[in-house]
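Q: Here you go, sequence then predicted model.
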There are 2 protein chains.
Amino acid sequence: MATTLNATAASLLGFLHDGPQSGYDLVGTAERSIGNFWSLTRSQVYRELSAMAGAGLVVAQETGPRDRRAYALTDDGRAAFRAWLARPPAEEQIRYPLLLTLAFARHLPAGELAAFVAQHRAVHAARLAGYRRERAEALAAGARPVDLVTLDFGLRYEEAVLGWFDALPPEVTGG
Amino acid sequence: MATTLNATAASLLGFLHDGPQSGYDLVGTAERSIGNFWSLTRSQVYRELSAMAGAGLVVAQETGPRDRRAYALTDDGRAAFRAWLARPPAEEQIRYPLLLTLAFARHLPAGELAAFVAQHRAVHAARLAGYRRERAEALAAGARPVDLVTLDFGLRYEEAVLGWFDALPPEVTGG
DNA sequence: CGTGACACCGTCTACTGTGGAACGTCAAGG
DNA sequence: CCTTGACGTTCCACAGTAGACGGTGTCACG
């Protein structure tokens, strides 16, 4: 592994610090813990796992039922993870197709645009509600502020987006 | 072109409504107008252009100086663009490596984390300032609210992120 | 007991997106 | 004249996405 890890592979190593997991497990773990701001797919997880196994950063354990195969961290893997973690993180990426539609809205009949906007607003409202519930549950379970920083990012993001939706001019919302 | 356009290709068609442009031009146009929320690279632009030329959505004009080759919209291209625009836009994607670092911060010495956070905060502060300036200029140039919706998204996003940075617990900021 | 539904688990492929190397070309300035 | 640098395209390797596919264990229900 001459070249440095990519962020997705590194996060898998991060999760493996808590014990061996299969690719399937890792997808679930990742979705639960970093899914709000980092997406990954099964395909990629398995691809990275076998690459890292080849590079000696993880070792596959014996296959269990249903071809289940857990991977365990090696010392090299631990070292690679720490090396990755010490590197300055890159900037965030945002891609929002709705804004693309909005940018070209002059080519679109007004009614359809308003419908798209309403649909997206509903999605964000639901996400915000979900984050608020999650936060309350975490607090009740004794979480410290430092445990909530990534969740709080999502909260503030969704609040901002909802505020943006609600400030949209009537040409866009169909008002 | 049986399969539907992807968003990047569609946006190129959108820009070509204003007249023929080369790949190089399109990269610049896109960066200026949708770059805040939609990234694209040279490689992809040229790839999509030749694919669309093959599908008859655009036609290459004669090559000018420096192998420059402008593409013009065809009627098929116009139709494909409208068909794409009428489809409900997908949800946004966010990937923020800093949050990944934060999520695994327990494996990292405190000082390094604070430095990363400070660097990212500065980036966002600069972007916010840039957006505010852009907005003022656009208003001065007579822009209507509907022309500012995508810029306003960026503004609210950056305000929210900055608010989040400023509410981070001292364990993270090194305070 | 049987079987059908469904979650579990991995593989594969095609396509989309990113980053940078490479390379020729024209314009302008010292 | 020569260098520098913007212009413009091509190519490649890798990262990320989406979904089809196929096999397997479990459990509920008839």
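A: Sure thing, it's come through. Numbers count the residues shown, from 1 in each chain, chains lettered A, B, ... in the order given.

Q: Which secondary structure state does whichever residue of chain A sits closest to DNA strand D sit in?
A: Going by CB to the nearest atom of the strand, DNA strand D is nearest to residue A:43 of chain A, at 3.0 Å. Backbone N, C-alpha and C define where each C-beta goes, glycine included. At residue A:43, secondary structure determined by DSSP: H, G, I helix; E, B strand; the rest coil is helix.

Q: pLDDT value on it, please?
A: What the model reports for residue A:43 is a pLDDT of 97.

Q: So residue A:72, which state does it fall into?
A: Recorded secondary structure, residue A:72: strand (three-state DSSP).

Q: which stretches of chain A aren't confidently modelled?
A: A:1-2 (pLDDT under 70).

Q: So which elements touch the lengthiest helix in it?
A: In chain A, ranked by residue count with DSSP state H as the criterion, the top helix is helix A:110-140. Secondary structure elements in contact with helix A:110-140, counted by 3 or more CB pairs under 8 Å, 6 or more residues apart in numbering or on different chains; DSSP states H and E, are helix A:97-103, helix A:149-166, helix A:170-173.

Q: Once you drop chain neighbours, what's closest to residue A:44?
A: Nearest-residue entry for residue A:44: residue A:8, 6.1 Å, with adjacent residues in sequence omitted and distances by CB to CB, 6 or more residues apart in numbering or on different chains.

Q: thought that neighbour was touching residue A:43?
A: No. Contact status for residue A:8 versus residue A:43: not in contact, 11.2 Å apart, counting by CB atoms under 8 Å.

Q: three-state assignment of the spatially most central residue of chain A?
A: The geometric centre of chain A, computed from its C-alpha atoms, lies nearest to residue A:38 (CA atoms, centre = their mean), at 2.2 Å. In three-state terms, and counting by three-state DSSP, residue A:38 is coil.

Q: hmm, stretch A:157-171 touching chain B?
A: Yes. Counting by CB under 8 Å from any CB of the partner chain, contacts between stretch A:157-171 and chain B involve A:157, A:159, A:160, A:161, A:163, A:164, A:167, A:168, A:169, A:171.

Q: Let's have those residues in JSON lines, adding neighbour count and distance to residue A:73.
A: Shown next, in JSON lines, are these (neighbours: other CB atoms under 10 Å in any protein chain shown; distance: CB to CB, whole Å):
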{"residue": "A:157", "neighbour count": "25", "distance to residue A:73": "32"}
{"residue": "A:159", "neighbour count": "17", "distance to residue A:73": "37"}
{"residue": "A:160", "neighbour count": "21", "distance to residue A:73": "37"}
{"residue": "A:161", "neighbour count": "23", "distance to residue A:73": "37"}
{"residue": "A:163", "neighbour count": "13", "distance to residue A:73": "42"}
{"residue": "A:164", "neighbour count": "19", "distance to residue A:73": "42"}
{"residue": "A:167", "neighbour count": "12", "distance to residue A:73": "48"}
{"residue": "A:168", "neighbour count": "20", "distance to residue A:73": "48"}
{"residue": "A:169", "neighbour count": "14", "distance to residue A:73": "53"}
{"residue": "A:171", "neighbour count": "15", "distance to residue A:73": "55"}
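
Q: That'll do, ta.
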